[in-house]
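*Asks:* Starting from these lines, generate the structure:
(2 chains)
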Amino acid sequence: MTDTLTVDGLTVHYATREGALQALRDVALDVPAGQIVGIVGESGCGKSTLINALLQLMPENARIAAGSVRLEGEELVGAAQRRLRDMRGRDISVVFQDPMTSLNPVLTIGRQMRDIQYREPCDRAEKLRRAAAMLGRVGLPDPQARLDAYPHELSGGQRQRVAIAMAVLMRPKLLIADEPTTALDATLEVQIIELLKELQREIGCAILFISHHLGVIAELCDRVVVMYAGEAVEEGPVADVFLHPSHPYTAKLIECDPGRMKTRAKLLPAIPGDLPDLTAPPEGCIFRDRCDKATDLCRTKPNPVAVNGTHWARCHYAAEYGA
Amino acid sequence: MMRQFRHSLLGRLLADPMAVFALTIIIGLVVVAIFADAISPHDHTLMNLADRFAPPSTTYWLGTDNLGRDTFSRLAQGSRIALYVALVAVSISGMIGLILGMIAGFGPRWLDNLLLFIFDTLRAYPTIILALALAALLPRGLSTVIIVVVITSFSEYGRVVRTQTLSLKNAEFILAERAMGASPARMVFHHILPNVLGPFFILAAMNLPVVITIEAGMSFLGIGVPPGTPSWGATLKDGFDYIRNTPWIIIAGGLPLILVTLGFTFLGEALRDQLDPKLRKSR
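*Replies:* Residues are numbered from 1 along each chain as shown, chains lettered A, B, ... in the order given. A predicted model of the protein is given here:
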């Protein structure tokens, strides 16, 4: 099976007053066609930077220092702006985290959905018909009337459905979902997850699903990539990674998930220590300072160690932990 | 049909008593300006030395001035000047400000800094001082008044539009638009412009009376319209010289200024309540 998205050795630096902040270092990941790949990691691990790099929409002070991003084999890093613009929204599209801010407040839903189809050679009525059909598809009641509504007239869950409808309207090859359920309550979260699953089956697109909610990833994704401080530290099939975490960070992350705690605890578990300073990342294993299993060997940079099939971890002891 | 109207901007404005008051004044002003010749009881240039300083009466509704000219007729003619100056000056300075503001907000950093420098420099000059300086250079007349107003006020629109554009540029829905493949032109005209227009029109509505007052002020100082022109400011000036003996001239000259200022300010406020979709009550 071909890969929809291939990221290889992606390294992104931000120019800051303290020097180059190495937000992403040598990140590699694949999103196979028709699969849902999850990315988990705490705040500041480089998830947003990764999305920006995938879309080639970087802040002014960011720079792709090395690596490549390929969509169905076509290189995006360094591609012409024109070509990139052509692909955004049609081949690759995004659902953002906060539906309260991701829709233009002064334009009607219909106007915004018509706007996305600006490349289509059909007339206004046809575009509106398609928009209404898609709104109905994502489960909005009375889609025809919704076309005339402004975003503030809809609830948060409805807005996120609209945002999803917009994102899949052009039937993209890759849909990036940037924590699309974080701003919603738990019942809505389940509905949105189910909706994404259905749409994925229908449209056949690949989905890159970013979340810090392990339960959601486990529910939705085929594969998962665990990120820590700008590196991908572990990747593999979801069940494999969550049942046999092979990187100490993954293991800690799972331990800290409130969803799997069986007994009452006074204090929620946490991983001691802080994220390393990314302007001068430590030599060797990036997680060494916070890892209770660190040894002298961890002063050298670990290479990805295959654990089981396509499951790998960037830890010298991956084979032992994963067992 | 009726339901649609109630949700249109005009429909919603008419539900607001303040807006109705404002619109009444403004429509009154426009009607007076259009039919000034028809409703003037006398020729506004006709001097009648026998009736100098006549108090308000059934013949001279608002009295006469030092040359015996009918004040009401002069004010009616003056509404044309006020409206003309206000509309032309606000349109020109608004357009310049809108374009420069969007360029500053959306363009590269150095251009933003340059335009900001220009805005700040122009704003630093007091309007009247600049008006006096320009009046010395330019011929006396309405176009000089308009030039003064444009120079002193386009920076205000520019700053407001720039700030709006800048905050919108980083708004998530603009990032979303970019992620959906929108070109810069599409983003500016389809997504940023509609968001900027609300505050822009509110500012323009509130600036209309300011422009009318500037024109009146310049005419009052004798650097506005040429002598004999029935501008409201000129009427005020005529009345000011005789304020002790015949105060009705200056009172009559001030009334339309006050009414029009109130009208446009109220309209601006009502527009602000209606144009901001977040303030608007949803159905």
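
*Asks:* residues near the closest residue to residue A:305 other than its chain neighbours, how many?
*Replies:* Spatially, and ignoring its direct neighbours in sequence, residue A:305 is nearest to residue A:318 (4.0 Å; CB to CB, 6 or more residues apart in numbering or on different chains). C-beta coordinates here come from the backbone N, C-alpha and C atoms, glycine included. Residue A:318 is flanked by 26 other residues according to other CB atoms under 10 Å in any protein chain shown.

*Asks:* Would you mind measuring from residue A:318 to residue B:163?
*Replies:* 52 Å (CB to CB, to the nearest Å).

*Asks:* can you check residue A:65 too?
*Replies:* 34 Å.

*Asks:* do residue A:259 as well
*Replies:* Taking CB to CB, one finds residue A:259 at 44 Å from residue B:163.

*Asks:* Looking at those two, which is more packed in?
*Replies:* Per other CB under 10 Å, whichever of residue A:259 and residue B:163 has more neighbours is residue B:163, with 15 against 10.

*Asks:* Pretty sure the more buried one sits against residue B:105.
*Replies:* Yes: between residue B:163 and residue B:105 there is a contact at 7.4 Å, judged by CB atoms under 8 Å.

*Asks:* interface residues of the stretch 51-200 of chain B facing chain A?
*Replies:* Taking CB under 8 Å from any CB of the partner chain as the criterion, the neighbours of chain A within the stretch 51-200 of chain B are B:171-173, B:175-183, B:186, B:190-191, B:194-195, B:198.

*Asks:* Can you turn the buried part of those into a ChimeraX selection?
*Replies:* Command for ChimeraX that selects the buried part of these, burial taken from 16 or more other CB atoms under 10 Å in any protein chain shown:
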select /B:171,172,173,175,176,177,178,179,180,181,182,183,186,190,191,195,198
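
*Asks:* which ones among the residues of the stretch 51-200 of chain B next to chain A are found in strands?
*Replies:* In this view, those have no member that belongs to strands under DSSP state E.

*Asks:* Restricted to helices, list the residues of the stretch 51-200 of chain B next to chain A.
*Replies:* B:172, B:173, B:175, B:176, B:177, B:178, B:179, B:186, B:194, B:195, B:198 (DSSP state H).

*Asks:* Mind putting those into a markdown table with distance to residue A:91 and pLDDT?
*Replies:* Formatted as a markdown table, those follow (distance: CB to CB, whole Å; pLDDT from 0 to 100):
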| residue | distance to residue A:91 | pLDDT |
| --- | --- | --- |
| B:172 | 21 | 86 |
| B:173 | 21 | 89 |
| B:175 | 18 | 87 |
| B:176 | 16 | 88 |
| B:177 | 16 | 87 |
| B:178 | 15 | 87 |
| B:179 | 12 | 87 |
| B:186 | 18 | 87 |
| B:194 | 28 | 89 |
| B:195 | 28 | 88 |
| B:198 | 35 | 84 |
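
*Asks:* the longest helix in chain B is where?
*Replies:* helix B:71-106.

*Asks:* Mind checking the pLDDT average for it?
*Replies:* What helix B:71-106 shows for mean pLDDT is 93.

*Asks:* Please apply the same query to stretch A:64-74.
*Replies:* 92.

*Asks:* cool, and stretch A:121-129?
*Replies:* pLDDT averaged over stretch A:121-129 gives 92.

*Asks:* where do the helices sit along chain B?
*Replies:* Here chain B has its helices, by DSSP H, at B:2-7, B:9-14, B:17-34, B:36-39, B:71-106, B:109-124, B:127-137, B:142-169, B:172-179, B:184-186, B:193-220, B:232-241, B:248-275.

*Asks:* just the stretch 201-323 of chain A next, same as before
*Replies:* Here the stretch 201-323 of chain A has its helices, by DSSP state H, counting those that start in this stretch, at A:214-220, A:238-243, A:248-256, A:318-322.

*Asks:* For those, which has the smallest mean pLDDT value?
*Replies:* For the helices of the stretch 201-323 of chain A, mean pLDDT drops lowest on helix A:318-322, to a mean of 75.

*Asks:* Can you pull the poorly scored residue ranges out of the chain?
*Replies:* Let's take chain A. Counting by pLDDT under 70, chain A has low-confidence residues at A:1, A:260-261, A:322-323.

*Asks:* Correction: the question concerned chain B.
*Replies:* Low-confidence segments of chain B (pLDDT under 70): B:1-7, B:276-283.

*Asks:* Now do the contacts for the one residue sitting closest to the centre of it.
*Replies:* The residue lying closest to the centre of chain B (CA atoms, centre = their mean) is residue B:208, at 1.1 Å. Going by CB atoms under 8 Å, 6 or more residues apart in numbering or on different chains, residue B:208 touches B:86, B:87, B:90, B:264.

*Asks:* Appreciated, that's everything.
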